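Chemist: Quick one, fold the following:
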Amino acid sequence: MPSETTSPHAGPTGTRTRRRRHPFRALALGIGLLALVGVIALGGYAFYLQRTVEGNIEREDLNAQDNAVVTISPDRTGANQPGEDADADGSVDLDGPVETDGETGEEQLDQDDGTAPIVGEDGEEIEVPQSEFVATTPERPAEAGEAMNFLIIGSDSRDLSVERGRSDVIVLMHINDERDRVDLVHFPRDLFVPIAGTGGSSKINAAYSYGGAPLLVQTLQPLIDVPIDHVVIVNFESFQAMTDSIGGVDVDVAEASPGFPEGVMHMDGATGLSFVRERYALSQGDISRGQRQQAFIKAIMTKALSRETITNPARLASFVDAATTNLTVDADLQVGEMRDLGLSMRGVRGDDIFFETAPWNGIDMHPVAGSIVLMASDQMDVLSQHLQNDTMEDYTDPVSPRSGFGG
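Modeler: Numbers count the residues shown, from 1 in each chain. Have a look, this model is predicted:
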């Protein structure tokens, strides 16, 4: 059971853990959504930009459906692993500049930058050798019609051909059958779930570290029980340019922090970057940071889909170029399909995009896996049913804590 005094950035004794910092990775959610939803939604108006999009995006074998072979092969390149470079108290030495609290000046560091271990039912770590298994895919329910599901992965890798990096942002994008609504479900990176093909459980982002996008697909699909149609991987490189390309955005700041008073605030790319990186001054840590990312994304999508942008060829071209410059998609996703989907979604605007967080009921300190987010299994089943039936407009989550860290 989670402790009432557990903090999402506290060590085993309650002290803040000193970890390596990987800047900007919290921005991947915004980039992924904007690169995909933005191009899809704008595609109906920007047919002439197809060549730009085609020239920018990269393609890889990212999706694993029925009978595909999934390889489990941990990628620990460039990642600090549990137990490496650790002090006697379990903290990790720093190797670069640190993030500081804007009010106190206290050093603030992202936690748990290594690949989380796989844990067996007995609570002990499982050694996972390189292996293979055959992928399976849930059947597409008839009730879903032609609804589509995209998996958006935010990776901190600058070059996927060299290292896959970490999937610190994981989002399921559900496009409804009528093509007039988009739901984005954010899965916290520390959500503790069974990892496909390993016989154990871990933080959900460990699936990507152990087997890339195909293993993450196979880990996520059993939770939601719907097939994932396409996969997209993005990084943070184009975030600032994408924001500035549309002249900045007006963001609704729901929870104040140093430099960001409550209320509507205009932000350029650099300001937005600072806004979505903050978590230590927020009431629910990473959960609150995810909500900030969602608010910023909403602001950019509203501006990007506005007449002001759509009717300005130069601004539109600049935005689409920035959104697709660092975009990798699965081998089956063609620009023509994106364009056709965009045409069918040409009526979508900012108010038609909705955000949810995968259901959780607490944060705990696992003796092996470290700080974990506890999944609310019954509520996850409810989410699954709405995805299967394409009824996300009726979905509510009364379980996930609205304040504090559960328990």
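Chemist: Show me where this protein dips below the pLDDT cut-off.
Modeler: The chain contains residues with pLDDT under 70 at 1-49, 75-114, 155-168, 235-238, 407.
Chemist: quick one: residue 122 is in a strand?
Modeler: No: Residue 122: not assigned to a strand; according to DSSP: H, G, I helix; E, B strand; the rest coil it is coil.
Chemist: neighbours around the closest residue to residue 269 other than its chain neighbours, how many?
Modeler: Spatial nearest neighbour of residue 269, chain neighbours left out: residue 240 (3.2 Å); criterion: CB to CB, 6 or more residues apart in numbering. In short, each C-beta sits where N, CA and C put it, glycine included. Using other CB atoms under 10 Å, residue 240 is surrounded by 18 other residues.
Chemist: ok, now residue 265?
Modeler: By other CB under 10 Å, the residues close to residue 265 number 17.
Chemist: What residues does it make contact with?
Modeler: When contacts are counted by CB atoms under 8 Å, 6 or more residues apart in numbering, residue 265 touches 250, 251, 253.
Chemist: quick one: buried residues of whichever strand or helix holds it?
Modeler: Counting by DSSP states H and E, the element that carries residue 265 is strand 263-267. Buried residues in strand 263-267, counting neighbours by 16 or more other CB atoms under 10 Å, are found at 265, 267.
Chemist: That one pairs with which strands, and in what direction?
Modeler: strand 249-253 (antiparallel) (DSSP bridges).
Chemist: CA-only coordinates of the strand it pairs with in PDB, if you can.
Modeler: Extracted as PDB, the C-alpha positions of strand 249-253 are listed here (Å, rounded to 0.1, in the frame of the first residue of the first chain):
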ATOM      1  CA  VAL A 249       0.300  31.000 -27.600                       C
ATOM      2  CA  ASP A 250      -2.100  32.000 -24.800                       C
ATOM      3  CA  VAL A 251      -2.000  29.400 -22.100                       C
ATOM      4  CA  ASP A 252      -4.400  28.900 -19.200                       C
ATOM      5  CA  VAL A 253      -2.200  28.500 -16.100                       C
END
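Chemist: what's around residue 335, how many residues?
Modeler: Neighbour count for residue 335, taken as other CB under 10 Å: 20.
Chemist: Once you drop chain neighbours, what's closest to it?
Modeler: Among residues not flanking residue 335 along the chain, residue 54 sits closest, at 4.8 Å (CB to CB, 6+ apart).
Chemist: quick one: residue 350 from residue 250, how far?
Modeler: Plainly put, residue 350 is 11 Å away from residue 250 if you go by CB to CB, to the nearest Å.
Chemist: cool, residue 225 as well?
Modeler: Taking CB to CB as the measure, residue 225 falls 38 Å from residue 250.
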